[in-house]
Structure formats: C-alpha cells, structure tokens
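> Take a look and give me a structure for this.
(one chain, ligands or ions: 2)
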Amino acid sequence: MGDHMILQSADVIKEIVSTIDDAKDELRLLSLEIFNNPELIFKEYKGCKLLSDWLENRGWTVNRGVYGLETAFEAKFSVLEGGRTVCFNAEYDALPGMGHACGHNLIATSSLASAIALETILKNHQIPGTIVVMGTPGEESGGGKWIMATNGAWKGFDACVMTHGMRNFSTPLCLTKASWKVRVRFHGLAAHAATAPWKGRNACDAIVQAYSAIAMLRQHLEKGHSIQGCILEAGKASNIVPDYAEGLFSIRAPTMKKLDELKPRFEPIFKAAADATGCTVELEWTALYEDVVSNNTLAEQYRDYMVQHLGVEPEQMPTLEESRVLYDQPGCSDFGSCSYICPGIQAMFSINATDFPHSIGFREASSGEFAHQEALRAGQANALVCLDVLTNDKFAEEMKKEFIEAMKEAGRWEA
Ligand SMILES: [Zn+2]
Ligand SMILES: [Zn+2]
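Numbering: from 1, shown residues only. Ligands and ions are numbered 1, 2, ... in the order given. Okay, here's the model as predicted:
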C-alpha cells in the first residue's frame, strides 16, 4: 500500500486517546499488580485471573483455560451482528529469578488499553465488529502461542496485534527468527568400564559424537542459520559405562521455510550417533518459535498514527525499511505462530531502559511511569489500526491480500 492515509476522523482519534487516558490509573494498578507478582511459565494463575476478571466485570464474555493451556483466556466483546474480528494479545509471564525483566506486564496493559478504547468506539458509534483479548501465557521458553495455535486459536480472525517494550528505541516491526528446541535422550547399557567394557553401550560416547557432528555441520550452515546446544548429563562415574546421556539443542533460521530445510540435516545426526555406539535415542521436539511475519499494511498504518496523531517524532519511529536494517535481531517471539494464522504486527515501544530485555535494567524500567505511558500510546495506535480493519473494507482487503501472498511464499497458504 503505497498511498497510506489516516482513515479515522480527528474526533474518533481524540475519543480513543481520551478513553485510554481516562483509564490510565486503573491500568497502571493492573500493570503493577502483575509486575509485583511475577509468575512463571504456565503457572500464571494470578495474572490470568486478574485480567480475565477485569474484562468480565466490564461485560466481556470470558473463557478461561482455552486452547490447551490452563492459564490462557479468551475474552470477547461484540457490537451488532456481522463485522470483522480483531484481536489483541496480552502476555503476563515472568522470567525465572528475574521477575518481569521482559516487561510482559506492559504488554498486558497495552492490549487492555486498545481493547477498551475499541469497545467504547464500537458502542458509541454502533459499529459492527468483535474485539478479542487473547491471554497468552508461557511466552518465555514455553512457546505458549504455538501450543494455542496448534489447538485452534486465532482461526478466522481478521487481524491480531500486540506490542512489546524495547530498550531505548521504537519500531513498527518486530523482526525475529524461527527456532525449535529438542531434548535428546540416549539410552545405552551399563557395564564395568574396566573389567567388562565390551558388555557396555556407551551413551556418553553417543552424545559426544552427536555434539561433534553438530560442530562440523555448523561450517556448512547458511547465513542466518545457527545451532546451539549443551550436554546436560553423560554418566555418573568413570568405572561405569554410562547408560544414559541427555542434551538440549536448538536450531534457528530466518524463516520457517528455512528452518524446515535445516531440520533434516540436523536431525539424522542423533540416529547416526546412536547407531555408531549401539545405543538408542529419543528426540523430544518442544517449543517451536515461528518467525514473525509482519503485515506491512498494518505496520505502516501503526507508524502513521504514531507520527501524525500520537505525538511521536518521525526520527523516533523508523520506517519499515529502516527497521529492517536497524533492528533485525537474532531473538524469537512466540507471536510468530500467531502471524502465520492471521495478519498481525508486534510493534516495539521504547521504555528507556539501560539495558535490553532479560536484564535488571529492563526490569526496573518496566515498572516505571515512562514505560506505562509508552505502553498506552502503543495501545492507542493499535486500537486505531484495528478500527481501520473493522471499518474500512479497502484497508482490510489490502491487509488480507498481503497476508495471502506472504503465506503463499512461505508455503503455508491453505485456501
Ligand atoms: Zn523475553
Ligand atoms: Zn518478552
């Protein structure tokens, strides 16, 4: 979409901004309640209850424990019949030993802000449409959204957006890699290592062989591909042939298509190492993080609202092209899975932290007033972008067309 334009009137933009402004103290309390009660992967009972109860008390229809996860929820609000459906994802999980050092309390608040602003507009102007807040637990190492996606979440939605805090820069795009973790278990046979070694089958040898073969494979990887790993266990005593060895590995590539090419070069290594040593091997693939496919139509609109109406200086919000050069990062986000189901963006807003996410500096900034204001501003922009999706057929069509093309290119389009 070359000729972007603001689709909402100045009055509607004002209404969205003031709805969120009016709720800012209440949203701050929710944010701090989550921040002060950090909960880990798939145990976010308080966060799930807090947010879903809050929406239910506003008259939203809430389902808890959805799409295979006990601490997930789906809250819906509809006005009139028909209309399109837009979704805001709320995260609320923390990091082990670090609390909210990824600022997921801000993601939750930003999405609630968008949701109530849109609720107000749809009600006041009798605009048909459905708003969804999806509570998505276990982003950190759990691949929560991937699990939810495999259980049918986001199907049939027209768009899904969210935001994430960032150290000291903002961007309308989030560029991430695809990655997949595997837990590997080799089973051998114990024997006395000195008196009867021929009776043993050495699981330590198996995992060392696999580890070495992976190191050799690394030389032949494409740019942007990588493999990480460690051996967790490989025996207990030098006079016993180790009958068990275990390791954790992950593979990364720029896209799912590329990851699917890397996987068949990586996976046979373990079987070969098992065969060579007379052991057996089990692979447990867990927590797939698909790359985020950002919808440019949505991202450009997000930037336009930020720069033209929400007071962000153009130089503080890079264009899509600039973002791709400046902020292509090796990290992952489980929002990727969502972005393969419907058009979406995960914009980043600066929280002015001294360090990147997963640091003490980032945690400190995540509870501050500045971060809260920026989360709300990002929420205003996302509300406006989603209102465009609900009210403008041409915009919605462009967004959808771009999504279909991206999915065809990724080999993921199912008509
Ligand atoms: Zn994180
Ligand atoms: Zn995060």
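> Could you pull out the strands in this protein for me?
61-64, 73-79, 85-90, 129-135, 159-166, 178-187, 226-233, 244-253, 280-289, 344-350 (DSSP state E).
> surely residue 149 meets residue 341?
Yes. In this structure residue 149 lies within contact range of residue 341 using C-beta atoms under 8 Å: 5.9 Å. Where you see a C-beta, it was placed from the backbone N, CA and C, and this is true even at glycine.
> who has more neighbours, those two?
The neighbour comparison of residue 149 against residue 341 (other C-beta atoms under 10 Å) goes to residue 149, with 24 against 21.
> now the closest residue to the more buried one other than its chain neighbours: how far from residue 64?
Leaving aside its chain neighbours, residue 149 sits nearest to residue 337 (4.0 Å; criterion: C-beta to C-beta, 6 or more residues apart in numbering). According to C-beta to C-beta, to the nearest Å, residue 337 and residue 64 sit 20 Å apart.
> Then residue 361?
Taken as C-beta to C-beta, the span from residue 361 to residue 64 is 34 Å.
> who's more crowded, these two?
residue 64 (17 against 14).
> Tell me the bridge partners for the more buried one.
residue 73 (DSSP bridges).
> Can you show me the helices along this structure?
10-22, 24-36, 45-57, 104-125, 144-150, 203-218, 256-266, 268-277, 296-309, 320-326, 335-339, 360-366, 369-391, 393-409 (DSSP state H).
> Please compute how far the fourth one lies from its chain's middle.
So the one you mean is helix 104-125. 19 Å (C-alpha atoms, centre = their mean, to the nearest Å).
> Same question for the second one.
Helix 24-36 has its average C-alpha position 22 Å from the chain's average C-alpha position, going by C-alpha atoms, centre = their mean.
> In that helix, which of the residues would be classed as buried?
Going by neighbour count (16 or more other C-beta atoms under 10 Å), the buried part of helix 24-36 is 24, 27, 28, 30, 31, 33, 34, 35.
> Give me the helices and strands touching it, please.
helix 45-57, helix 104-125, helix 369-391 (3 or more C-beta pairs under 8 Å, 6 or more residues apart in numbering; DSSP states H and E).
> per-residue confidence averaged over it?
For helix 24-36, mean pLDDT rounds to 98.
> same check, this time on the shortest one
Averaged across helix 335-339, the pLDDT comes to 98.
> and that helix, what does it pack onto?
Counting by 3+ C-beta pairs under 8 Å, 6+ apart, helix 335-339 packs on helix 144-150, strand 159-166, strand 280-289, strand 344-350.
> For the residue lying closest to residue 163 once chain neighbours are set aside, which residues are in contact?
With sequence-adjacent residues excluded and distances taken as C-beta to C-beta, 6+ apart, residue 163 is closest to residue 378, at 4.1 Å. Residue 378 is in contact with 110, 163, 347, 349, counting by C-beta atoms under 8 Å, 6 or more residues apart in numbering.
> Low-confidence ranges, the chain, go.
Within the chain, the stretches with pLDDT under 70 are 1-4.
> sorry, back to before: nearest to residue 305, out of the helices and strands packed on helix 335-339?
Closest approach to residue 305 among those (C-beta to C-beta): strand 344-350, 10.6 Å.
> Need the contact partners of that closest one.
Everything outside strand 344-350 that qualifies as a contact, by C-beta under 8 Å, 6+ apart, is 110, 159-174, 292-295, 298-299, 302, 316, 327, 333, 335, 338-339, 374-375, 377-378, 381-382, 385.
> give me the number of residues near residue 313?
8.
> separation between the closest residue in space to it that isn't next to it in sequence and residue 9?
Of all residues not flanking residue 313 in the chain, residue 307 sits nearest, at 7.6 Å (C-beta to C-beta, 6+ apart). From residue 307 across to residue 9, the span is 18 Å (C-beta to C-beta).
> out of the two, which sits in the busier spot?
Neighbour tally, residue 307 and residue 9, criterion other C-beta under 10 Å: the higher count belongs to residue 307, 18 against 9.
> which ones are touching that one?
So residue 307 contacts 313, 314, 317 (C-beta under 8 Å, 6+ apart).
> Understood, closing this out.
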